[in-house]
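Colleague: just need the structure, nothing else, for what follows:
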Amino acid sequence: MIAVPQAAIDLAKRFEGFHRVPRADPGRAYPYVCPAGYWTIGYGHLCDPKHPPITETEAEVYLARDLQTALAATLRYCPVLVTEPDGRLAAIVDFTFNLGAGRLQTSTLRRRVNQRDWSGTTTELRRWIHGGGKVLPGLLARRNAEVHLIDSA
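Modeller: As a prediction, the model looks like this:
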């Protein structure tokens, strides 16, 4: 069984962050609506708006499960990544974690990865920076970090 690359864990934590922590309850995260309009808690875990607050330890458990799901989907749709350096796998796992397996499945990005067209892969990653019809700085930074992992492999 392939483990989630550490770089994917690092990216998810860096860009999702354990946030939405009220000053009155500093050790816990509460549900919030992410920029894409989904209810989320902890490190980007999708949830019900009535989800109870969670600790950082609970958030890490959710993150580990979510990244395992993203890894499985990534390898299902991009099996060539099994033999590629961890950085490339981490970049696409992070993309899948961030945007969902359905987006990867139907994307030109998937085709470029499976062709091992790494230049084309980075071009495709750079296209996924919009939310609500505008460029989101967080998505731009995240895609740039993923591109860096692809290019440095």
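Colleague: looking at this structure, which helix or strand does the model trust least?
Modeller: Across the helices and strands of the chain, mean pLDDT, DSSP states H and E gives its lowest value to strand 130-131, namely a mean of 88.
Colleague: so what touches it?
Modeller: Under the contact criterion Cβ atoms under 8 Å, 6 or more residues apart in numbering, strand 130-131 has outside partners Pro35, Ala36, Leu136, Leu139. To be clear about C-beta, it is placed using only N, CA and C from the backbone, and glycine gets the same treatment.
Colleague: possible to save the residues you listed as a markdown table with pLDDT?
Modeller: Shown next, in a markdown table, are the contacts of strand 130-131 (pLDDT from 0 to 100):
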| residue | pLDDT |
| --- | --- |
| Pro35 | 82 |
| Ala36 | 82 |
| Leu136 | 92 |
| Leu139 | 95 |
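Colleague: from these, list the buried ones, please.
Modeller: Buried members of these, counted by 16 or more other Cβ atoms under 10 Å: Leu139.
Colleague: so what are the sheet partners of the least confident helix or strand of the chain and their directions?
Modeller: Next to strand 130-131 in the sheet, as set by DSSP bridges, lie strand 134-135 (antiparallel).
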